[in-house]
Every structure is written in structure tokens, then in C-alpha cells.
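1. fold the following.
(one chain, ligands or ions: 2)
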Amino acid sequence: MTVHIGAQPGDIAETVLMPGDPYRARWAAETFLEAPRLVNEVRGMLGYTGQWRGNRVTIHGSGMGMPSLSIYANELIRDYGARTLIRIGSAGGMQEGVAIRDLVLAMTASSITNPSRGIFREVNFAPAADWSLLREAARIAEARGVPFHVGGIHSSDIFYEERDDLVAALTRHGTLAVEMEAAELYTVAARYGARALAILTISDHLVTGEALPSEERERSFGDMVEIALETAFS
Ligand SMILES: O=P(O)(O)O[C@H]1O[C@H](CO)[C@@H](O)[C@H]1O
Ligand SMILES: O=c1cc[nH]c(=O)[nH]1
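-> Ligands and ions are numbered 1, 2, ... in the order given. Now for the predicted structure:
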């Protein structure tokens, strides 16, 4: 057990899928895993371990924002031996060609700051996805005919962004989408030599103002979960 995870040693699989929302962790575990077992509920942050096509996998919430994700990623890797971490999140589209329901595979994640920022002092560290995971996720999404984009995203500390100039500058530099965790996930994984990738479903759009109707969310998120599972074990 760690400060934030009540799982026993051995309860967490080497492969962990991480949605921000603990209820998405429960839904994904109950929908896609065989024999899912609740292994953590400290502070209501749900984690389940089960089997997918004979492979052991944990689906564990990260909470919203990089400080929360950082706690779980550190403990999952350092204390429980997780080696592959795939974020399954929602994101806001930032380019006109990135539509609602599309997937974004985050090759890099910019941020103004993140919990690891202090380590690097004057260096602007470039958090990047694991290449083997990124390549597999792109291959699998293409084979399934799921619309997807690969490129840079922005990991923000702010959901209700007041800085129009910041959004404009990031958009002008090709940033595909905004979410709130990937930059820290990539940095923590790099620190421990683990593999990480963020697969994101566009749930709303900063340019067009569109949003995914709530009744459609599960189906759209389902593609993302299946691609994440297939990616982890291919
Ligand atoms: O859908 P999740 O994984 O929570 O991700 C996005 O949604 C939350 C904001 O609503 C933030 O956590 C953001 O990164
Ligand atoms: O962080 C997020 C997630 C979804 N949509 C946004 O605009 N921001």
C-alpha cells in the first residue's frame, strides 16, 4: 500500500490504462476486462485489475490535472512496478481539421508548467510519447478506420482558459488539442524508464464550439479504450 493507493503488492498489472475520471475507470474495466477486481478506492480514486485477451491489465483513475496524475503515476511505477501507462482521456480540439469524436495520439505535450518543471531548472524539457506505443496506436487506429491525428497537444492547468492569446499561439503552432495530464505523465514515465502514451477523444472544440452529446460519449470512448488495450499488448 502507498499513501494514495490501497492495492496490495502484486495487485497492479504492469500495464495501466489511466482515465482522468474514476467512473470511466470502472466503466472501462466492467465493459472490456474479464473478471475485473477493485484494487483501489482510496479517496474514491478507483482502480481495477482484470484480464484482456489473457493479458493482465489495470485501469486506474488519475484525477484531473497534472498534480493529481503525478501522484498516481509515481506510485504506480515506483511502488507497484507499472511499466506501460496509457492515458485514455478527453480533450478539446484546437484545429479545424480535428473533429469531435476523432482520436488524437499525443506525440508531444507542451505545458506552461507541470509538477516536474522544477527539476529541469533552465531547460524546457520536451515530454514525448513512447515511440513503440505511438506507432502501434496509429497502426491500429488506421486498421480500424477510426479517424485519428498524431501530433503535439497542450497540457494545461486550466480548464476555463482566460488567455485567448495563448490558445491562438498554440493553435497557430499546430497544437491539435488541449487536456490536463499528458505532459506530466510523459515526464514521470521518462524518469523511471517506463513507456507512456496519451490517447485522447475529442469531446469538445475550442474553435467550432461543438461538444460531444453526453449519450454518445461511451461509444466514442469505447474506440479509445479498445485501441489502448490492443496497443499495450501488440
Ligand atoms: O477526460 P479526462 O481524462 O478527465 O481528461 C480531460 O477532462 C478533464 C477536464 O474536464 C481533465 O482531466 C482533462 O484532461
Ligand atoms: O482539458 C480539457 C478537456 C476537454 N476539453 C477541454 O477543452 N479541455
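2. poorly predicted segments of the protein, please.
-> Nowhere does the chain drop to pLDDT under 70.
3. helices along that one, start to end?
-> Using DSSP state H, the helices of the chain run over 22-32, 66-78, 131-144, 164-172, 182-192, 214-232.
4. list the buried residues in the third one.
-> Pointing back at helix 131-144 there. Under the neighbour-count criterion of 16 or more other Cβ atoms under 10 Å, helix 131-144 has 133-138, 140-141 buried. From N, CA and C alone the C-beta is placed, and that goes for glycine too.
5. now the two most distant members of the residues you listed.
-> L133 and A141 (12.2 Å; Cβ to Cβ).
6. return the residues of this structure in contact with ligand 2.
-> Taking Cβ under 6 Å from any ligand atom as the contact definition, the chain meets ligand 2 at 90-92, 159, 178-180, 203-204.
7. looking at these, state which has the most neighbours.
-> Within the residues of the chain next to ligand 2, A91 tops the neighbour count with 29 neighbours, counted by other Cβ atoms under 10 Å.
8. so what pairs up with that residue in the strands?
-> I202 (DSSP bridges).
9. now do the contacts for it.
-> For A91, the contact set (Cβ atoms under 8 Å, 6 or more residues apart in numbering) comprises 104, 153, 177-179, 200-203.
10. what's the answer for A211, then?
-> Contacts of A211 by Cβ under 8 Å, 6+ apart are 100, 203-205.
11. export the residues you listed to JSON lines and tack on distance to ligand 1?
-> Below are the contacts of A211 laid out as JSON lines (distance: Cβ to the nearest ligand atom, whole Å):
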{"residue": "I100", "distance to ligand 1": "14"}
{"residue": "S203", "distance to ligand 1": "7"}
{"residue": "D204", "distance to ligand 1": "9"}
{"residue": "H205", "distance to ligand 1": "14"}
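12. most widely separated two among these?
-> It's S203 and H205 that sit farthest apart of the contacts of A211, by Cβ to Cβ, at 8.7 Å.
13. now whichever residue of the chain sits closest to ligand 2: how far from V225?
-> The chain approaches ligand 2 most closely through G92 (2.5 Å), counting by Cβ to the nearest ligand atom. G92 sits at a distance of 20 Å from V225 (criterion: Cβ to Cβ, to the nearest Å).
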